[in-house]
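S.K.: I would like the atomic coordinates for the input below:
(2 chains)
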Amino acid sequence: DTGVSQDPRHKITKRGQNVTFRCDPISEHNRLYWYRQTLGQGPEFLTYFQNEAQLEKSRLLSDRFSAERPKGSFSTLEIQRTEQGDSAMYLCASSTLTTGSGELFFGEGSRLTVL
Amino acid sequence: AQTVTQSQPEMSVQEAETVTLSCTYDTSESDYYLFWYKQPPSRQMILVIRQEAYKQQNATENRFSVNFQKAAKSFSLKISDSQLGDAAMYFCASLGVHKYIFGTGTRLKVLA
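M.R.: Numbering: from 1, shown residues only, chains lettered A, B, ... in the order given. Modelled structure (predicted):
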């Protein structure tokens, strides 16, 4: 297993466009998280899946953001009508209940720049 | 609600010396985990060390150890024999039922 992978690694878009990010977690991991990180800040929780069920979504997240994990494997995060304030690194992470350790495994992130 | 606070935006340490990074947290959970993650420049975040709240013994991983003070809700990271490769952002995090909350991070500089 190669770990958590995210695609694309970099995305530059114009304000008002839609963007979609994909995350492929470690295969046996049933928990998947999306975080947003701006420069010099810690990861900010966006949403969380257990298998295909989205169990929590941050109240700070506007309705322009939507995430799916249709088959309990990969996940997508879509941002509609992007704004300059959406520019950030979007991190995906996965974990499993079975380890008992609670360790989160992170991908390398998808950096979004909105012009 | 879970909160994690890191009050040191930046720390410096001389190579081979010891440094302690501070973290305080708050949670309503009775069972939780605490973590320190390292994020090197332009690289992905990796786990440094974790602590189960029900364990009184402080976790250690080679040169990394924690000072877990449950009553004070304090969880500091000590790095001994600092190396140039330790330079990174360090994030303290807590895990309650299912959600990980991160602090704002401490940038560690290691001076040769």
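S.K.: partners of the closest residue in space to B:Glu61 that isn't next to it in sequence in the sheet?
M.R.: Once flanking residues are discounted, B:Glu61 sits nearest to B:Ile49: 4.8 Å by C-beta to C-beta, 6 or more residues apart in numbering or on different chains. From N, CA and C alone the C-beta is placed, and that goes for glycine too. Legend: beta-bridge partners of B:Ile49 under DSSP bridges are B:Trp36.
S.K.: so who does B:Ala72 touch?
M.R.: B:Thr24 (C-beta atoms under 8 Å, 6 or more residues apart in numbering or on different chains).
S.K.: if I look at it, how far off is A:Ala53?
M.R.: In this view, B:Ala72 and A:Ala53 are 36 Å apart by C-beta to C-beta, to the nearest Å.
S.K.: so what's the residue of chain A found nearest chain B up against?
M.R.: Nearest to chain B in chain A, going by C-beta to the nearest C-beta, is A:Gly42, at a distance of 3.9 Å. For A:Gly42, the contacting residues are B:Val4, B:Gln6, B:Phe91, B:Phe102, B:Gly103, B:Thr104, B:Gly105, by C-beta under 8 Å, 6+ apart.
S.K.: tell me the buried residues in the helix-or-strand element of chain A with minimal mean pLDDT?
M.R.: The helix or strand of chain A with the poorest confidence is strand A:53-57; it has a mean of 91 (mean pLDDT, DSSP states H and E). By neighbour count on 16 or more other C-beta atoms under 10 Å in any protein chain shown, the buried set for strand A:53-57 is A:Lys57.
S.K.: please name the nearest non-neighbouring residue to the most centrally placed residue in chain A.
M.R.: Chain A has A:Trp34 as the residue nearest its centroid, 3.1 Å off, counting by C-alpha atoms, centre = their mean. Spatially, and ignoring its direct neighbours in sequence, A:Trp34 is nearest to A:Leu46 (4.2 Å; C-beta to C-beta, 6+ apart).
S.K.: quick revisit: partner strands of the helix or strand that comes right after the least confident helix or strand of chain A and their direction?
M.R.: Going down the chain from strand A:53-57, the next helix or strand is strand A:65-68, by DSSP states H and E. Take DSSP bridges as the rule and strand A:65-68 pairs in its sheet with strand A:75-79 (antiparallel).
S.K.: the residue in chain B that chain A sits nearest to: how many residues sit nearby?
M.R.: Of all residues in chain B, B:Phe102 sits closest to chain A, at 3.9 Å by C-beta to the nearest C-beta. Neighbours of B:Phe102 under the rule other C-beta atoms under 10 Å in any protein chain shown: 22.
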